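1. Pasting a predicted model and its sequence here:
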Amino acid sequence: MLRTVDKQLAALGLRFADPDEEQKYRAEQAAAVLPRQRVLIGFALLVFLAYAVRDVAIGPTFGYGALYLRIFFILPVLGLSFVLTYAESVRPHFQSVFVSLLVIVIAAIGMLSLLYPHYGPTDPAQANRTMSTMMLTLALMSVAGLRFEQAVFVGLLAVLFWFFGSLAKEMAPELYPTLFLNVLTSFVIGIFVAYWLERSTRAAFAARQETAHVKEEADDVLYASLPRHVVERVARNQRPIAEAFVEAVVVLADLAEFNTLSKRIGPRRTVELLDDLFTEFDVLAEKHQLQRLRTVGDSYVVVGGTFEGLRGGVSEAAQMALDMIVAVEQVSRRFDLPLQVRVGVHVGPLIGGVVGRTSPIYDFWGDTFNVVSELQIACKGGRIMCSENFYWRAGRAWDFEPFGAREFAGIGTLQTFYLLGPAKE
């Protein structure tokens, strides 16, 4: 039954296809209309309280039944409902509470009407009272932000109470056609208002969701090329964005003799291999909290010890380099190809910043890249060559094999080492 109703409401544009989106809409809408519902409940409290005070002050005109109903039933229910609007546990479900409250108030108004003496069969006060009550109820359906199905339920209930109340008060038969037409017209107008209001709020919600989705996709593109702490500055068009890092660790990996291999295996298999390998490297970079910079051909570069949130340092870079060797061996077995990686690791100063307008990227510059590139070129396949800067900062936690001194452009002579692995205890 509920699924059938949901399908019919979906055909009217009153349901989202995605259940999570529907749930999110309902939660957002309930939070948006809660202040209005609180005001309406407060207003109802004042109205019923004013009538009660009047009856106490000047005495009830038609007996104490109506006074007791107001004081001991209607006012406590309204007061409790008003308090519940501030209860955190009830707020997500207050839409249902408010519908229940409307039902109770409609029933109470019907009972109050029956407690008063019968008006004369042609007395216009009878028609005025029922019509004003009906129109007030239907107005509340729209102002309170009820969903369409809730408005239909409350409106039908109000019509039934009017109909049976009129029968109980023995209203003149000749008044029924006109009054029934007026009541029915009010009901139809009320549910159409509720329908179009819900359609408009759903359309606005869908537009916000689409805007948020587009922004999220745009942010994903930026996050793919920019550090997270830079994205907001780029979005605000803060230029230039430049940062200096005194000691950054750089790991550069390159496949030995890969150009010759790629000619032999063809473009498709080359791309498949690099995609598989770099995906493994990406997982390692995230695991060790290092930032992937770029890939040039078969080269893969990560940095650490730079901006906030990038916690990977010397130890993480060392483990990343060792894990790269293992990853290449695994990919080599999967593709049944003779793959070997050469890895260079160095610690030194870098300048980081954003370049480009249409496709901005965060890049690094400095002699540190020249050093790590020469280390990688001089390295043997399947091994990791490090500079003395890295060696001294790594300390005794790692084992190294001396390789010898080398000249580096812009730096001078540096001792070089092969990283063997964690130090043996």
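-> Perfect, I can see it now. Numbers count the residues shown, from 1 in each chain.
2. was I right about residue 161 contacting residue 108?
-> No - when contacts are counted by CB atoms under 8 Å, residue 161 is not listed as touching residue 108 (10.1 Å). To be clear about C-beta, it is placed using only N, CA and C from the backbone, and glycine gets the same treatment.
3. More neighbours: those two, which one.
-> residue 161 (21 against 17; other CB atoms under 10 Å).
4. where does the more buried one land in three-state SS?
-> Recorded secondary structure, residue 161: helix (DSSP: H, G, I helix; E, B strand; the rest coil).
5. can you give me the helices in this structure?
-> For the chain, the helices defined by DSSP state H cover 2-11, 19-58, 65-69, 75-84, 94-115, 124-143, 148-168, 176-225, 228-235, 258-265, 267-287, 314-335, 367-378, 388-394.
6. What is the shortest one packed up against?
-> To tie it back to what came earlier, the one meant is helix 65-69. Secondary-structure packing of helix 65-69 (3 or more CB pairs under 8 Å, 6 or more residues apart in numbering; DSSP states H and E): helix 19-58, helix 94-115.
7. low-scoring stretches of the stretch 101-250 of the chain, by residue?
-> Counting by pLDDT under 70, the stretch 101-250 of the chain has low-confidence residues at 110-142, 165-166, 168-172, 175-176, 178-179, 218-229, 231-236, 238.
8. Apart from its chain neighbours, what residue comes closest to residue 248?
-> Counting by CB to CB, 6 or more residues apart in numbering, residue 248 lies nearest to residue 350, which is 4.4 Å off, once chain neighbours are set aside.
9. who does the one you found bridge with?
-> Under DSSP bridges, the beta-bridge partners of residue 350 are residue 245.
10. check contacts around it.
-> 244, 245, 248, 250, 303, 306, 364, 365, 366, 368, 369 (CB atoms under 8 Å, 6 or more residues apart in numbering).
11. What subset of these is buried?
-> 245, 248, 250, 303, 306, 364, 366, 368, 369 (16 or more other CB atoms under 10 Å).
12. I'd like the distance between the third one and residue 95.
-> The reference is to residue 250. Relative to residue 95, residue 250 is positioned 57 Å away (CB to CB, to the nearest Å).
13. likewise residue 200?
-> Residue 200 is 18 Å from residue 95, where distance means CB to CB.
14. Looking at the two, which one has more neighbours?
-> Using other CB under 10 Å, the more surrounded residue of residue 200 and residue 95 is residue 95, with 22 against 10.
15. Please name the nearest non-neighbouring residue to that one.
-> residue 30 is the one closest to residue 95 (CB to CB, 6+ apart), at 4.8 Å.
16. same thing with residue 155?
-> Spatial nearest neighbour of residue 155, excluding adjacent residues (CB to CB, 6+ apart): residue 187 at 4.8 Å.
17. Hmm, that neighbour is touching residue 154, no?
-> No - in this structure, residue 187 is not within contact of residue 154 by CB under 8 Å, at 10.0 Å.
18. neighbour count winner among the two?
-> residue 154 (26 against 23).
19. What number of residues are in the vicinity of the closest residue to that one other than its chain neighbours?
-> The shortest distance from residue 154 to any non-neighbouring residue, by CB to CB, 6+ apart, is to residue 102 (5.1 Å). Residue 102: 25 surrounding residues under other CB under 10 Å.
20. Can you pick out the most distant pair from the buried ones among the contacts of residue 350?
-> 306 and 369 (13.3 Å; CB to CB).
21. returning to that earlier point: the residue nearest to residue 154 and residue 360, how far apart?
-> Residue 102 is 54 Å from residue 360, by CB to CB.
22. now swap in residue 249 and tell me
-> Distance from residue 249 to residue 360, by CB to CB: 24 Å.
23. out of those two, which sits in the more crowded spot?
-> Higher neighbour count among residue 249 and residue 360: residue 249, with 30 against 17, using other CB under 10 Å.
24. Quick check: bridge partners of that one?
-> residue 304, residue 347.
25. Identify the residues contacting it.
-> Contacts of residue 249 by CB under 8 Å, 6+ apart are 303, 304, 305, 312, 313, 314, 317, 345, 346, 347, 390.
26. how deep is the nearest residue to residue 335 once chain neighbours are set aside tucked in, by neighbour count?
-> Excluding the flanking residues, the one nearest residue 335 by CB to CB, 6+ apart is residue 273, at 5.5 Å. Residues within reach of residue 273, counting by other CB under 10 Å, total 22.
27. Does residue 273 touch residue 337 like I think?
-> Yes - the criterion here is CB under 8 Å, and residue 273 meets it with residue 337 at 7.1 Å.
28. Name the residues contacting each of those two.
-> residue 265.
29. Look at residue 418 and say how many residues are nearby.
-> Per other CB under 10 Å, the neighbour tally for residue 418 reads 15.
30. what are the bridge partners for it, then?
-> Under the criterion used (DSSP bridges), residue 418 bridges to residue 385, residue 401.
31. For it, list the residues it contacts.
-> Going by CB under 8 Å, 6+ apart, the list of residues near residue 418 reads 379, 383, 384, 385, 386, 400, 401, 403.
32. Which one of those residues is nearest to residue 81?
-> Among these, residue 384 lies closest to residue 81 (CB to CB), at 70.2 Å.
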